[in-house]
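K.L.:
how would this look folded up:
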Amino acid sequence: MIPDKAFFINPKNFNGDTFYLDQEESIHATRVLRLKIGDDICLLNGIGTGYFGKIDSLETHVSGSILKTIDGLGENQNSITLAAALIKRDRFELLLEKSTELGVNVIQPLILDRSVKKELNFKRCQKLIISASKQCRRSRFPDMKNPIALSTLLKNGNQIVCARMNAKKSLSELSFDSTQNIVVVIGPEGDFSKSEIDLIDNSNVQCYHLGDRRLRAETAALNSLSILNEILN
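P.N.:
Modelled structure (predicted):
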């Protein structure tokens with residue numbers, strides 16, 4: 001059974017089968033969660049390994065012993081990149097949190113012609129990702145990228161799928177190579193511009209629909225990720 005409380009641990013904070021938490025995580029463990037010596041905790045190094053540990057000391061920093069090591073704790077078998085248009089801050093932050101919980105490996109913001117925003121608070125986004133990863137006990141934290149243009153994304157050579165209202169196929173009807181990274185493109189509230197649609201149509205992109213209802217960008221993204229998790233895992 002996975003311990004209820006999870007913490008980020010810097011990979012450098014190990015010494016054999018012992019560990020210690022940094023100051024911020026130690027304060028959270030002792031002052032917020034009121035953990036005590038002997039309590040079991042989950043440790044996540046952010047690069048793909050989880051640990052079960054037991055607290056041995058609360059002096060200066062929380063420290064203790066490693067009981068179990070689990071590679072790939074909380075991770076999907078397949079790699080998914082979410083390439084989503086920048087939208088209003090509160091909704092984009094919801095998208096970050098929930099897509100992390102749904103197992104995306106990379107979050108690639110897109111600056112599109114009809115994007116409401118053109119920049120983001122990168123440091124705040126990273127904190128939200130770490131918090132969401134701890135909440136759902138993911139050992140590999142999603143890689144947050146700087147915003148790019150759609151044309152740049154389409155040059156990367158990965159298998160790319162795009163949510164479009166007028167697409168002929170549903171997401172479950174598309175074909176995937178499970179050995180390759182999948183890039184899911186989600187447009188802005190005002191939809192793609194004509195030039196962006198032409199760019200998508202002239203690239204090696206599979207388009208799909210999510211039904212007849214017009215969904216908000218964050219809803220379309222999370223719906224897509226849920227379906228992919230069902231198909232691929």
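
K.L.:
now for the strand or helix carrying Leu128, which elements pack on it?
P.N.:
Assigned by DSSP states H and E, Leu128 belongs to helix 122-136. Contacts defined by 3 or more C-beta pairs under 8 Å, 6 or more residues apart in numbering; DSSP states H and E place helix 122-136 against strand 6-8, helix 89-101, strand 143-144. All C-beta atoms are positioned from the backbone trio N, CA, C, and that covers glycine.

K.L.:
and that helix with helix 89-101, angle?
P.N.:
Per axes from the mean of the first three to the mean of the last three C-alpha atoms, to 10 degrees, the angle that helix 122-136 makes with helix 89-101 is 40 degrees.

K.L.:
returning to what we had before: can you lay out the helices and strands packed on helix 122-136 as TSV showing mean neighbour count and mean pLDDT?
P.N.:
Listed next are the helices and strands packed on helix 122-136 as TSV, based on neighbours: other C-beta atoms under 10 Å; pLDDT from 0 to 100:
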stretch	mean neighbour count	mean pLDDT
strand 6-8	21	97
helix 89-101	19	96
strand 143-144	16	97
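
K.L.:
And the strands in this structure, which stretches?
P.N.:
Under the criterion DSSP state E, strands of the chain are mapped to 6-8, 14-15, 18-20, 40-44, 49-57, 63-71, 80-85, 106-111, 143-144, 148-149, 159-163, 182-186, 205-208.

K.L.:
Can you list the strands that the first one pairs with?
P.N.:
So the one you mean is strand 6-8. Strand pairing for strand 6-8, determined by DSSP bridges: strand 40-44 (parallel).

K.L.:
can you pull the contacts of the residue of the chain most remote from its centre?
P.N.:
Most distant from the centre of the chain: Glu59, at 33.7 Å, with distances by C-alpha atoms, centre = their mean. Neighbour list for Glu59: empty [criterion: C-beta atoms under 8 Å, 6 or more residues apart in numbering].

K.L.:
Distance of it relative to Val183?
P.N.:
The gap separating Glu59 from Val183 is 47 Å, by C-beta to C-beta, to the nearest Å.

K.L.:
Contact partners for the one residue sitting closest to the centre of the chain?
P.N.:
Using C-alpha atoms, centre = their mean, the residue of the chain that lies closest to the mean C-alpha position is Thr100, 2.9 Å off. Counting by C-beta under 8 Å, 6+ apart, Thr100 touches 107, 128-129, 132-133, 136, 138, 141-142.

K.L.:
What about the closest residue in space to it that isn't next to it in sequence, how many residues nearby?
P.N.:
Among residues not flanking Thr100 along the chain, Ala132 sits closest, at 4.0 Å (C-beta to C-beta, 6 or more residues apart in numbering). Residues near Ala132, counting by other C-beta atoms under 10 Å, number 20.

K.L.:
What are the neighbouring residues in contact with Ala132?
P.N.:
Contacts of Ala132 by C-beta under 8 Å, 6+ apart are 96-98, 100-101.
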